[in-house]
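*Asks:* build the 3D model from these lines:
(one chain, ligands or ions: 1)
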Amino acid sequence: MSKVKFFHTKQIGKYDCGIACASSVYRYYGYDYSVDYLSDYLPSENRYSLREMVILLSIENHLKTRIVEVDKNRMSEVLENIKFPFISLCSVNNQGHYVVVYEWNSKTNKLKISDPSNEGITNISLSQFQKMSNGIFLLIEGQFSSVKSESSKSSFFILIKDIVRNNLLSILFSFLISVIIVILAIVGSFYFKLVVDYIIPRSLDNFIFQLCLVFVGVVLLHGLFIYLRGKLIIKLSNNLDKSLSNKYFEKLIKLKINFFENRADGEVISRFNDVSFIRGFISVTFVSALLDFVIVLSLGFIIYKFNSILFIVLLAFILILGALTVLFYGSIQVRSRDLMLTKAETNSYLVHFLKFMPTIFSLNKKKYFINRFQGVFGEQLKALLKDQKNDNLFSTCKFLVQGIFFVVFISIGAQQIIADSLTLGDLLFINSLVSFMMGSLEGLLTLQSDFQKAVVSVSRYTDILKYPERKLSEHKLNLEHVNTININDLSYQFPNNKTVFEEVDLNVNAGDKVVCVGESGAGKSTFAKLIVGLYESKPNQIRINGKDITDYSEESLRKEMMLIGEAPFLFKGSIRENLVMGENISDGEILNACRLAECLEIIETLPGGLDYLITENGTNLSSGQRQRLAYARLILLNPSVIILDEALSNVDEVSLKRIYDHMIDMKATIIYITHNTNLIEQFDRKIIFKDRRIYETVNRKDFNYE
Ligand SMILES: Nc1ncnc2c1ncn2[C@@H]1O[C@H](COP(=O)(O)OP(=O)(O)OP(=O)(O)O)[C@@H](O)[C@H]1O
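*Replies:* You can find the predicted model right below:
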């Protein structure tokens, strides 16, 4: 019988206990859903409601759940007959909290629970459970779907194994060179012994010079190998950076759009920055740890062979240091993680804050945001302070143990010299080896903190790598031109169960000019994202040229159907670079597109014309200019369907009127979403979004959606 595996997911944020429990339960049933992934299903901050827990556990109909309230006084009877695992709603410090209950042992009267605020699975007594539980249980009654995720193995070991396998040669080489460095260091230590025990007592002046030359040679060789190892580690780090970062970016561009909608930019960036911890762990810590281990073992062996009493003193010292490390392990683990997570929060806040600085200034809310920053940064400082205090205590303990050890070590050595069982040279030699060994021991002791940082980084990094991608297939049809778009019985629900449309039908033919209006929040943008395939629709709800939208390759679909929104995307570079984006397009074509987008005048008046340098996000242009340039770029890309979602909302009326006049003459199908209906009488079709449905009007007077 296979052993039942219990999963524990630690909560990240204050309100994440429910998501963490859901993640543990999913992992128990074989679905590798991280807290990060599940949080897309709960965009709100209130993560305590049972309703939201049920939503979480019913993603893609994987699990079937039921909420029950049990009599707390008859808990043992209840536990005898209940199906494990289940989630219990608890009350901790008068606040709602969730825990997963995996098992109850009636003999020992203990329950095995995963409390997301703890570090791991714990056993608690029945009375403890009775005290914390509210008696409200979320039972997992069964599994609907049998499609499980590929692996529930620890992502940390999988990733590290992969990296080690792909860089085995570099790792082995740097290890080999490190071994040579150690041998040279041992040979170097021998110099003391030779000088003190051999050269000085025999007054071998002539020999000193030759010996000096030999040992200078050893030092030079030592230096050379240190240089080579450094070079190898730099190369290895570089390769790791490249492969980890590329993998991250390749993944990002395959993610569903919801991922970006539900996450702060800074959060995504900070996860990318975590790559440096993984790289550091493999290229330096991992290789050094292997070597440090070998050094401690081999030098220990040499010292043992030389003098067993001094070896026993050394061994006692190593054991005390080891015990100290184990003692501090738990707190270092928690502190490292807290520090990393709070740093990520601060970065995330800063990225967001900087982007909206002008708005913050104009709202005269600097003080408010400074306070908020201090709140976020305060958490980081608190974590840093705890980390440093912990580190300080650990270092002091280490220093004391080391200091006492050296005094004892030298005293015992001195006694042996007096008793004639050891020479001064031997003691100097052993002392030199021990000093060298101290560096390695130090390395092994700090390994745990680097290891913890790497574990947290890998989990944050692999959360993104495991995140479900858009369904792409290489063997899909090539969409050459869009002749028809048929929308059939289209319904759409966001992951948080918000229904936007129901049973919507619409047919659009090539060249149609369709204007879409509707109250704010009526679903126009969602509709636009569905038509271009940025949101996933159910099979056959959206058909292009008679085929389901998902039958086409993403590349060709994107080429033929383009959507731009209200906020234009412009990057740092010339206007020309922004318009052509790497394509070979003549100035004549560029200027023609600019004419259709009514931005010729902008280019003529700006210094340098098409070579005018745009700052990041186009902040040195007006918002109407930015929108017109973004529209000109879309015209240059020449798709068969253009969808404009408030994309010209900041353009002045005169220019807008002219743009519409040009639009009417364009061959492309245009779907234009706007709140400004005054100027668009020429459009041949008008769609109104209302009450989760769409209605089509035929003449201008019906066209008032208010
Ligand atoms: N990522 C999301 N997750 C959950 N709900 C969302 C998401 N995006 C939009 N919604 C909800 O879906 C509904 C439709 O939003 P949508 O942006 O499509 O409206 P809209 O008609 O374009 O509004 P506006 O005219 O203000 O741009 C809104 O009620 C909104 O709250």
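
*Asks:* ok, the residue in the stretch 251-400 of the chain positioned nearest to the ligand - how many residues close by?
*Replies:* Going by CB to the nearest ligand atom, the ligand is nearest to Glu261 of the stretch 251-400 of the chain, at 4.3 Å. (Each C-beta comes from the backbone N, C-alpha and C, glycine too.) The number of residues packed near Glu261 is 13, by other CB atoms under 10 Å.

*Asks:* against Ser270, how distant is it?
*Replies:* Glu261 is 18 Å from Ser270, where distance means CB to CB, to the nearest Å.

*Asks:* how about Ser178?
*Replies:* From Ser178 over to Ser270 (counting by CB to CB), the distance is 32 Å.

*Asks:* also Lys5?
*Replies:* Taking CB to CB, one finds Lys5 at 31 Å from Ser270.

*Asks:* so for these two, which sits in the more crowded spot?
*Replies:* Ser270 (20 against 10).

*Asks:* on contacts alone, who are the packing partners of the helix or strand harbouring that one?
*Replies:* Taking DSSP states H and E as the criterion, Ser270 maps to helix 265-273. Helices and strands touching helix 265-273, by 3 or more CB pairs under 8 Å, 6 or more residues apart in numbering; DSSP states H and E, are helix 205-252, helix 308-355, helix 424-466.

*Asks:* after that helix, next one along is what?
*Replies:* Per DSSP H and E, helix 265-273 leads on to helix 275-280 as the next helix or strand towards the C-terminus.

*Asks:* ok, then the element right after that next one?
*Replies:* helix 287-306.

*Asks:* now that following helix: buried residues?
*Replies:* 287-289, 291-292, 295-296, 298-300, 303, 306 (16 or more other CB atoms under 10 Å).

*Asks:* what pLDDT, on average, does that helix get?
*Replies:* Confidence over helix 287-306 (mean pLDDT, whole number) is 82.

*Asks:* with stretch 238-246 instead?
*Replies:* 83.

*Asks:* picking that back up, out of the helices and strands packed on helix 265-273, deepest packed?
*Replies:* helix 424-466 (a mean of 20; mean count of other CB atoms under 10 Å).

*Asks:* touching the ligand at all, the helix or strand that it is followed by?
*Replies:* Next helix or strand after helix 424-466 toward the C-terminus (DSSP H and E): strand 484-493. No. Strand 484-493 lies out of reach of the ligand by CB under 6 Å from any ligand atom, never closer than 8.8 Å.

*Asks:* now for the next helix or strand after strand 484-493, which elements pack on it?
*Replies:* Next along the chain after strand 484-493, taking DSSP H and E as the criterion, comes strand 499-509. Other helices and strands packing on strand 499-509, by 3+ CB pairs under 8 Å, 6+ apart, are strand 484-493, helix 524-531, strand 669-673, strand 693-697.

*Asks:* and the longest helix along the chain, what does it pack against?
*Replies:* The longest helix of the chain (DSSP state H) is helix 366-418. Counting contacts by 3+ CB pairs under 8 Å, 6+ apart, helix 366-418 packs against helix 308-355, helix 424-466.

*Asks:* would you turn those helices into JSON lines with distance to Asn488?
*Replies:* Shown next, in JSON lines, are these (distance: least, CB to CB, whole Å):
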{"stretch": "helix 308-355", "distance to Asn488": "40"}
{"stretch": "helix 424-466", "distance to Asn488": "34"}
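
*Asks:* turn those helices into JSON lines, including distance to the ligand.
*Replies:* Formatted as JSON lines, the helices and strands packed on helix 366-418 follow (distance: least, CB to the nearest ligand atom, whole Å):
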{"stretch": "helix 308-355", "distance to the ligand": "17"}
{"stretch": "helix 424-466", "distance to the ligand": "18"}
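
*Asks:* out of the ones you listed, nearest to Ala597?
*Replies:* Closest approach to Ala597 among these is made by helix 308-355 (25.8 Å; CB to CB).

*Asks:* and that closest one, what does it pack against?
*Replies:* Packed on helix 308-355, when contacts are counted by 3+ CB pairs under 8 Å, 6+ apart, are helix 265-273, helix 287-306, helix 366-418, helix 424-466.

*Asks:* relative to Ile234, how far out is Tyr102?
*Replies:* Here Tyr102 is placed at a distance of 47 Å from Ile234 (CB to CB).

*Asks:* the longest helix of the chain versus helix 308-355: what angle between them?
*Replies:* 170 degrees (axes from the mean of the first three to the mean of the last three CA atoms, to 10 degrees).

*Asks:* where's helix 366-418 relative to the chain centroid, distance-wise?
*Replies:* Relative to its parent chain, helix 366-418 has a centroid offset of 29 Å by CA atoms, centre = their mean, to the nearest Å.

*Asks:* any idea how this protein splits into domains?
*Replies:* Residue ranges for the domains of the chain, per the TED database: 16-142, 152-466, 484-697.

*Asks:* could those domains be laid out in a markdown table, adding distance to Lys10?
*Replies:* Output for those, formatted as a markdown table (distance: least, CB to CB, whole Å):
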| stretch | distance to Lys10 |
| --- | --- |
| domain 16-142 | 6 |
| domain 152-466 | 8 |
| domain 484-697 | 23 |
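
*Asks:* local confidence estimate at Leu637?
*Replies:* 91.

*Asks:* secondary structure element for the nearest residue to it once chain neighbours are set aside?
*Replies:* The shortest distance from Leu637 to any non-neighbouring residue, by CB to CB, 6 or more residues apart in numbering, is to Met562 (6.3 Å). Using DSSP H and E, the element containing Met562 is strand 561-564.
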